[in-house]
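> Sequence and predicted structure below; questions after.
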Amino acid sequence: MELPELRYSDCPTVEVTVTIAASPDAVWALVSDIQLPARFSSEFLGAEWLDAVTAPAAGARFVGRNNHPAIGEWETTSTICDLQPGRRFGWAVGDTDQPSATWRFTLEPDGAGTKLTQWMQMGPARSGINLAIDAMPEKESKILHRRLAEHRANMEATLAGIKQIVEA
């Protein structure tokens, strides 16, 4: 099967969903913990609240630390831009009007459980992946497919980890 052609300017996305045998309220505490994904991700190393904030709030900022074998370590500053306790937790990386990426967890009641979805969008602002695209513009789609696959793998690991913790 041939993969669709991707362009960074189209803001490609990836989404992963899992069903958890627990209420959205039971899942929410884990989803809204900015440190939690570091327990499961091969790339995300952790995060810290900025500006004396200690819990999620609309407009709250945090710095996240990441590591990738191809480019080493880096930090980003993110702002919570989508906060509906028990339902949605999302943040923009960099400028909130023109983020380099947007991430979101969505929780939906599903019978006695919760359908948990993690979603991310690249762009529209430039990010580290643009350095690779600039160096090899003819491989843009291949670079983006590979990056989305890396994000998908880490998102799957994070959701599986949340499911395991909540259902234990």
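Structure's in. What do you need?
> any idea how far Cys81 is from Asp95?
Taking CB to CB, to the nearest Å as the measure, Asp95 falls 11 Å from Cys81. C-beta here means a position set from N, CA and C on the backbone, and glycine is covered the same way.
> so what's the residue nearest in space to the middle of the chain bridging to?
Against the mean C-alpha coordinate of the chain, by CA atoms, centre = their mean, the closest residue is Trp103 at 4.1 Å. Using DSSP bridges, the bridge partners assigned to Trp103 are Trp91, Met120.
> all strands in the chain, in order from the N-terminus.
For the chain, the strands defined by DSSP state E cover 13-20, 44-49, 61-68, 72-84, 88-93, 101-110, 113-122.
> so can I have CSV of the ones you listed showing mean pLDDT and distance to Leu36?
Formatted as CSV, the strands of the chain follow (pLDDT from 0 to 100; distance: least, CB to CB, whole Å):
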stretch, mean pLDDT, distance to Leu36
strand 13-20, 97, 14
strand 44-49, 95, 9
strand 61-68, 95, 12
strand 72-84, 95, 15
strand 88-93, 97, 11
strand 101-110, 96, 10
strand 113-122, 97, 11
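> Next, format those as JSON lines and append distance to Leu30.
Putting the strands of the chain into JSON lines (distance: least, CB to CB, whole Å) gives the following:
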{"stretch": "strand 13-20", "distance to Leu30": "10"}
{"stretch": "strand 44-49", "distance to Leu30": "14"}
{"stretch": "strand 61-68", "distance to Leu30": "16"}
{"stretch": "strand 72-84", "distance to Leu30": "15"}
{"stretch": "strand 88-93", "distance to Leu30": "10"}
{"stretch": "strand 101-110", "distance to Leu30": "9"}
{"stretch": "strand 113-122", "distance to Leu30": "9"}
